[in-house]
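> Prediction below, plus the sequence it came from.
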Amino acid sequence: MIEAGRILACGLVVASLASDAAAQRIPEAEYPNAGRALALRLCTPCHVVSPDQETGPVLRQRTLSFAEIARQPGMTAEALRNFLATTHSTMTGPMRMPNPMLDEEQLTLIVSYILSLDHAAPPPRRDRPGKEG
């Protein structure tokens, strides 16, 4: 039940911050950077948005990082927009991602950032902890 409370708290944080995050018009070339800044404010309680973020997720349940999401086979802007605009928590599955209630501009910025990660260099593979492979 504590985990469900944490997810609810994360949803409330997202809802409270989302309203002011994308109030200004942003040039399209800056969408990924603006999306990263927005995602760092809204999504870090549950996801690794960027390898250099200051704090890690608070959930015990592992979630995909944004880079992992970007590299999912067949990932598209439309698929991300649909996923982010949908509630996934149910009475039988309360630990799933809540609807972050993003407006259209916020969706565009975050989707742009996530998709930009598909072209980023993958993290180094580690065969054993502490040893790069």
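Yep, it's here. It should be emphasised that the depicted structure is a prediction, and the values quoted were computed from it without experimental measurement.
> which ones are touching the closest residue to Val48 other than its chain neighbours?
Excluding its sequence neighbours, the residue lying closest to Val48 (CB to CB, 6 or more residues apart in numbering) is Ser65, at 3.9 Å. Every C-beta, even on glycine, is put in place using the N, C-alpha and C of the backbone. By CB atoms under 8 Å, 6 or more residues apart in numbering, the residues touching Ser65 are His47, Val48, Val49.
> The same query, at a cut-off of 10 Å, please.
With contact set as CB atoms under 10 Å, 6 or more residues apart in numbering, Ser65 has these partners: His47, Val48, Val49, Ser50, Pro51, Gln53, Pro57, Arg71, Leu117, Pro123.
> Give me the distance between the second one and Ala77.
In this case it means Val48. 21 Å (CB to CB, to the nearest Å).
> And the third one, by the same measure?
Distance, Val49 to Ala77, using CB to CB: 18 Å.
> Looking at those two now, which is surrounded by more residues?
Between Val49 and Ala77, Val49 has the larger neighbour count (other CB atoms under 10 Å), namely 25 against 13.
> which stretches of the protein have low pLDDT?
1-24, 89-95, 120-133 (pLDDT under 70).
> can you map out the helices along it?
In the chain, the helices defined using DSSP state H lie at 2-21, 31-42, 66-70, 77-84, 104-116.
> thinking again about what came up before, between the contacts of Ser65, which sits nearest Met97?
His47 (9.1 Å; CB to CB).
> Hmm, the closest one is touching Thr55, no?
No. Counting by CB atoms under 10 Å, Thr55 is not a contact partner of His47; they are 11.6 Å apart.
> quick one: the nearest residue to Pro32 once chain neighbours are set aside from Gly56, how far?
Spatial nearest neighbour of Pro32, chain neighbours left out: Ser116 (4.0 Å); criterion: CB to CB, 6+ apart. For Ser116, the distance to Gly56 (CB to CB) stands at 21 Å.
> Same check on Gln106?
23 Å.
> These two: who's more crowded?
Gln106 (24 against 10).
> Report the separation between the more buried one and Tyr113.
From Gln106 to Tyr113 the distance is 11 Å (CB to CB).
> Name the residues contacting each of these two.
Common neighbours of Gln106 and Tyr113 (CB under 10 Å, 6+ apart) are Ala34, Gly35, Leu38, Ala39.
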